[in-house]
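Q: would you be able to build a 3D model of this:
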Amino acid sequence: MRQGQVDDWERRLMLFSRTLDEWMKCQRNWLYLEPVFTTVDIQRQLPSEAQLFAQVELIFQLNSNEICFVNLIAPLFFCYHLFLNVL
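A: Here you go, the predicted model:
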């Protein structure tokens, strides 16, 4: 394997690692906030905020699978394919 290929692999894997770390931070924050805004008591006390959270939650759920595939899974398949071609 050439040094350029090794550097490219390292760059791609580091990008994947950073993306995965950020995705996990986002999910961790979401798991913290979700029960706060979905309880009936909070929805009564903060109706506009709860409604806004519900809208954002819908967008989050609709996009999460696509984001996961495009940013996390697809690059792995690409790297795996490159690796097989090198061997």
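
Q: please enumerate the helices of the protein.
A: Assignment of helices within the chain using DSSP state H yields the ranges 3-38, 40-45, 47-68, 74-86.

Q: centre-most residue in the chain?
A: Residue closest to the average C-alpha location in the chain (CA atoms, centre = their mean): Trp23, at 3.4 Å.

Q: what separation do you get for that residue and Val56?
A: Distance of Trp23 to Val56, computed by CB to CB, to the nearest Å: 16 Å. The way it works is simple: take the backbone N, C-alpha and C, and place the C-beta from them, glycine included.

Q: can I get the helices of the chain in JSON lines with mean pLDDT?
A: Listed next are the helices of the chain as JSON lines, based on pLDDT from 0 to 100:
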{"stretch": "helix 3-38", "mean pLDDT": "85"}
{"stretch": "helix 40-45", "mean pLDDT": "93"}
{"stretch": "helix 47-68", "mean pLDDT": "83"}
{"stretch": "helix 74-86", "mean pLDDT": "62"}
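
Q: just checking, Glu34 touches Phe60?
A: No: contact criterion CB atoms under 8 Å: Glu34 and Phe60 do not qualify, at 9.6 Å.

Q: follow-up on the earlier one: so how far is Leu31 from the residue nearest to the centre of the chain?
A: Separation of Trp23 from Leu31 (CB to CB): 13 Å.

Q: next: Gln51.
A: 20 Å.

Q: ok, the two, which is more surrounded?
A: Neighbour count, other CB atoms under 10 Å: between Gln51 and Leu31, Gln51 has more, with 12 against 9.

Q: next up, the contacts around Val56.
A: Listed by CB atoms under 8 Å, 6 or more residues apart in numbering, the contact set of Val56 is empty.

Q: one more time with 10 Å, if that's ok
A: For Val56, the contacting residues are Trp30, Leu33, Phe37, by CB atoms under 10 Å, 6 or more residues apart in numbering.

Q: can you count the residues close to the closest residue to Gln43 other than its chain neighbours?
A: Spatial nearest neighbour of Gln43, excluding adjacent residues (CB to CB, 6 or more residues apart in numbering): Ala50 at 4.1 Å. Ala50: 18 surrounding residues under other CB under 10 Å.
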